[in-house]
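1. the sequence and its predicted three-dimensional model are supplied below.
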Amino acid sequence: MPASNQGWPEEFGFQLGGNGPSYILSVEEGSSAHLSGLQPGDQVLEIEGQDVSTLGTQALTALAQTQKNIPPSIGVVSRIQQVRGL
C-alpha cells in the first residue's frame, strides 16, 4: 500500500476517465482497487462522503490526493448493464 495518496488512482490499481462524471476505466487484478470490488464502468459518486458526481478526472484526482485517509474511501455506482444470452 502506498504511503500517501499522491499516486492516486494508479498506485492503488485503477485508472479514471471522464470530464464529469468520472468513471473507472480499468482495474488491475489483485490490486487494492480490485480487492475492494471496483470494476471498469463504475461511476465515481463520492470521495470521503463528498459528492463528486459532476467532477472530471483531473478535479477528482486532485481532491483525492489531498485526503488524509490512505486510500480515500470512494463511493461508486455501476453503469454497466450485463446482457445474458438465452
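-> Arrived safely.
2. show me where pLDDT drops low in this structure?
-> Scanning the chain for pLDDT under 70 picks out 79-86.
3. residue ranges of the strands in it, please?
-> Assigned by DSSP state E, the chain shows strands spanning 14-17, 23-27, 42-47, 50-51, 74-78.
4. mind listing the strands the shortest one pairs with, and their directions?
-> Strand 50-51 has its sheet partners listed here by DSSP bridges as strand 42-47 (antiparallel).
5. how about the first one?
-> Here strand 14-17 is paired, per DSSP bridges, with strand 23-27 (antiparallel).
6. coming back round to it: closest one to residue 66 among the strands of the chain?
-> Minimum separation from residue 66 across these (CB to CB) falls at strand 42-47, 9.7 Å. No exception for glycine: its C-beta is placed from N, CA and C like everyone else's.
7. now residue 32: closest residue in space that isn't a chain neighbour?
-> Spatial nearest neighbour of residue 32, chain neighbours left out: residue 12 (5.2 Å); criterion: CB to CB, 6 or more residues apart in numbering.
8. you'd agree the one you found is up against residue 31?
-> Yes - the pair residue 12 / residue 31 is scored as a contact, 6.5 Å apart, by CB atoms under 8 Å.
9. neighbour count for the two, which is higher?
-> With neighbours defined as other CB atoms under 10 Å, residue 12 and residue 31 compare such that residue 12 has more, 23 against 16.
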